[in-house]
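Asker: Pasting a predicted model and its sequence here:
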Amino acid sequence: MKIGIIGYGQMGKAIERVAIARGHSISVIVDPKQGYVLDELSPSVLENTDVYIDFSVPEAVVENVKMISAHGKSMVVGTTGWYEKLGEIEEITLDRGIALVYSQNFSMGMNIFFDIVQFASRVINHFPEYDIAGFEIHHNRKKDIPSGTAKKISEIVLKNVDRKKKATFFPGNRKIDSEELHFSSVRCGDVVGEHTLILDSSSDTIRLSHSAKNRDGFALGALVAAENIQNLSGIHTFDEILKIVLKEAL
């Protein structure tokens with residue numbers, strides 16, 4: 001495949017490296033530091049690409065989708081923090097007949113972790129002795145707090161644990177209510193990403209954790225999405241893509 005990369009930070013570089021290792025080529029890298037801005041690219045450059053992978057910034061996602069979809073090209077979006085625009089972007093994809101795959105986290109291991117959290121939440125729902133909370137740590141350049149992954153984990157817990165009614169990420173100077181799921185965030189150094197769910201009782205503590213060692217796992221997931229996007233249209237989540245891949249594998 002010919003892949004266009006939007007955003008050439010550490011994730012963009014990881015996508016380039018993993019894509020080439022999987023036999024793909026990079027048709028264009030869209031990043032001001034590389035001398036290419038999306039709205040300045042010629043139609044021939046835009047059209048000489050099979051799919052675009054966007055790991056840029058949240059405020060650019062809508063305009064990126066508009067410009068890429070105008071040329072009939074599908075996208076994989078790993079940028080987080082733009083989900084309030086999901087309805088608008090879904091309309092664009094359907095109107096222009098393209099597909100867009102997004103996820104709070106493209107890591108293969110994290111998507112396995114989501115399934116583990118779902119199973120644990122269903123079990124712990126029957127044991128009110130356990131309180132539940134979580135925390136996440138990322139590098140100090142990350143633009144969104146909390147992480148999209150923290151929100152996803154919280155959504156899974158709230159869906160499966162009746163006694164937790166809402167997630168609280170910024171409680172302020174007050175006591176946490178028993179019906180709140182507290183998920184805290186830390187930004188420090190060059191931490192790739194760590195997420196931990198804590199199940200605590202007076203007798204013991206259970207910790208479920210996922211730690212990313214590098215960005216290659218996220219890049220691999222984004223490329224798996226890109227490799228399976230061609231026959232799709234509209235908005236899709238990465239877990240839908242994984243179900244397609246698993247079904248074909250079996």
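Answerer: Okay, I see it.
Asker: all contacts plus neighbour counts: C-alpha atoms, from now on.
Answerer: OK.
Asker: So which residue is dead centre in the chain?
Answerer: Against the mean C-alpha coordinate of the chain, by C-alpha atoms, centre = their mean, the closest residue is Gln104 at 2.3 Å.
Asker: List the buried residues of stretch 97-112.
Answerer: The neighbour-count check on stretch 97-112 (16 or more other C-alpha atoms under 10 Å) flags 97-108, 110-111 as buried.
Asker: circling back to that earlier point, for the residue nearest to the centre of the chain, which residues are in contact?
Answerer: By C-alpha atoms under 8 Å, 6 or more residues apart in numbering, Gln104 lies in contact with 78-80, 147-149, 152.
Asker: Take these and keep only those in helices.
Answerer: Among the contacts of Gln104, DSSP state H puts 148-149, 152 in helices.
Asker: Now do the domain split for the protein, please.
Answerer: Following automatic domain parsing, the chain resolves into domains at 2-106+215-249, 108-211.
Asker: Where among the ones you listed is average confidence lowest?
Answerer: Among those, domain 2-106+215-249 carries the lowest mean pLDDT, at a mean of 90.
Asker: That domain: how far from the chain's middle?
Answerer: How far domain 2-106+215-249 lies from its chain's middle: 12 Å, per C-alpha atoms, centre = their mean, to the nearest Å.
Asker: And stretch 115-122, by the same measure?
Answerer: Between the centre of stretch 115-122 and the centre of its chain there are 19 Å (C-alpha atoms, centre = their mean).
Asker: ok, back up a step: mind telling me what element the residue nearest to the centre of the chain is part of?
Answerer: Assigned by DSSP states H and E, Gln104 belongs to no helix or strand.
Asker: Could you check how far it is from Ser147?
Answerer: Per C-alpha to C-alpha, to the nearest Å, Gln104 is found 8 Å from Ser147.
Asker: Are there residues contacting both of those two? Which ones?
Answerer: The contact lists of Gln104 and Ser147 share Thr80, where a contact means C-alpha under 8 Å, 6+ apart.
Asker: Show me what the longest helix anywhere in the chain is packed up against.
Answerer: Taking DSSP H as the criterion, the chain has its longest helix at helix 108-124. If you count contacts as 3 or more C-alpha pairs under 8 Å, 6 or more residues apart in numbering; DSSP states H and E, helix 108-124 packs onto helix 148-160, strand 205-211, helix 216-227.
Asker: Figure out which of these is closest to Ser185.
Answerer: Proximity to Ser185, assessed across the helices and strands packed on helix 108-124 by C-alpha to C-alpha, is greatest for helix 148-160 (8.6 Å).
Asker: Would you mind identifying the next helix or strand past the closest one?
Answerer: strand 166-168.
Asker: Check which helices and strands that following strand is in contact with.
Answerer: Secondary-structure packing of strand 166-168 (3+ C-alpha pairs under 8 Å, 6+ apart): helix 148-160, strand 180-187.
Asker: Could I get the buried residue list for the longest one?
Answerer: Of the residues in helix 148-160, those buried by neighbour count under the rule 16+ other C-alpha under 10 Å are 148-151, 153-154, 156-158, 160.
Asker: Any chance you could list what contacts that helix?
Answerer: 80-81, 104-105, 114, 117-118, 121-122, 125, 135-136, 164-167, 181, 183, 195.
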